[in-house]
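1. Sharing a model that was predicted from the sequence below.
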Amino acid sequence: MTPERGVSPYSFGERVRRLGWSIVQSTLFAWSFHNWYGFRRALLRAFGARVSASSRLRPSVRIEIPWNLSIGDDTAIGDRAILYCLGPVRIGSRVTISQGAHLCAGSHDHHTRAMTLLRLPITIGDDAWIAADAFVGPSVTVAEGAILGARSVAMHDLAPWGIYAGHPAVKVKDRVRHAAD
């Protein structure tokens with residue numbers, strides 16, 4: 001059954017949780033000191049995010065629906081990054097999401113009159129880098145070690161250990177694998 005236009009795809013409980021998170025994010029999270037990573041991780045966990053104790057998120061990061069977010073060890077999320085977690089967003093370990101990057105895990109089904117909301121997953125593999133102002137679209141997997149260059153747009157999966165650039169992103173070369181530290 002397809003919801004009619006104007007009918008929320010979210011349950012009442014989810015709308016209440018989203019409102020609560022919106023208030024916390026725009027105050028406590030955003031106003032916290034730049035190096036209070038543990039405080040911001042605790043706020044995210046309180047709203048159901050799975051966030052490693054060694055991850056670092058800047059106070060200007062914008063997150064929609066944190067209970068759909070998972071972040072691995074030693075991962076950094078830069079200033080003004082947008083994690084639009086309508087669907088599950090899984091970010092691996094040792095990942096860098098640079099300033100202004102946008103991960104968008106949602107779209108609309110243009111085949112339906114109601115333009116039904118689609119909550120599609122995004123996966124960012126270990127050791128990947130999403131550079132400044134890059135965009136990762138719904139249903140995209142950025143594989144282990146891949147780099148999406150600055151201001152590039154990934155609307156399809158990126159293969160492991162490749163460097164991608166452009167709109168749409170295309171592979172420009174292979175990335176050198178470094179030995180584990």
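-> Okay, I see it. The structure presented is a predicted model; accordingly, all values stated were derived computationally and were not measured. Numbers count the residues shown, from 1 in each chain.

2. CA only for contacts and neighbour counts going forward, please
-> Noted.

3. where exactly do the helices run in this structure?
-> 12-24, 30-31, 37-46 (DSSP state H).

4. Check which helices and strands the last one sits against.
-> To tie it back to what came earlier, the one meant is helix 37-46. Helix 37-46 is packed against strand 50-51, strand 56-57, with contacts defined by 3 or more CA pairs under 8 Å, 6 or more residues apart in numbering; DSSP states H and E.

5. what angle do it and helix 12-24 make?
-> Orientation check (axes from the mean of the first three to the mean of the last three CA atoms, to 10 degrees): helix 37-46 against helix 12-24 gives 160 degrees.

6. What's the mean pLDDT across helix 37-46?
-> Confidence over helix 37-46 (mean pLDDT, whole number) is 98.

7. Name the residues of it that come out as buried.
-> Residues of helix 37-46 classed as buried by neighbour count (16 or more other CA atoms under 10 Å): Tyr37, Arg40, Arg41, Leu43, Leu44, Arg45.

8. Please list the outside residues in contact with the helix or strand of the chain with the lowest mean pLDDT.
-> Here the helix or strand of the chain ranked lowest by mean pLDDT, DSSP states H and E is strand 117-118, holding a mean of 91. Strand 117-118 has contacts (CA atoms under 8 Å, 6 or more residues apart in numbering) with Pro9, Gly87, Gly106, Ser107, His108, Asp109.

9. how about a cut-off of 10 Å?
-> For strand 117-118, the external contacting residues (CA atoms under 10 Å, 6 or more residues apart in numbering) are 2-3, 8-10, 86-87, 105-110, 138.

10. Phe39 touches Trp31, doesn't it?
-> No. Applying CA atoms under 10 Å as the test, Phe39 and Trp31 come out as separate, 11.1 Å apart.

11. rewinding a little: which of the helices of the chain sits closest to Thr123?
-> Closest to Thr123 of those, according to CA to CA: helix 37-46, at 18.7 Å.

12. And the residue nearest the centre of the protein?
-> Nearest to the mean C-alpha position of the chain, counting by CA atoms, centre = their mean, stands Leu83 at 3.5 Å.

13. how near is that one to Ile65?
-> Taking CA to CA, to the nearest Å as the measure, Leu83 falls 9 Å from Ile65.

14. Quick check: which of the helices and strands packed on helix 37-46 is buried the most?
-> Of all those, strand 56-57 has the most neighbours on average by mean count of other CA atoms under 10 Å, namely a mean of 23.
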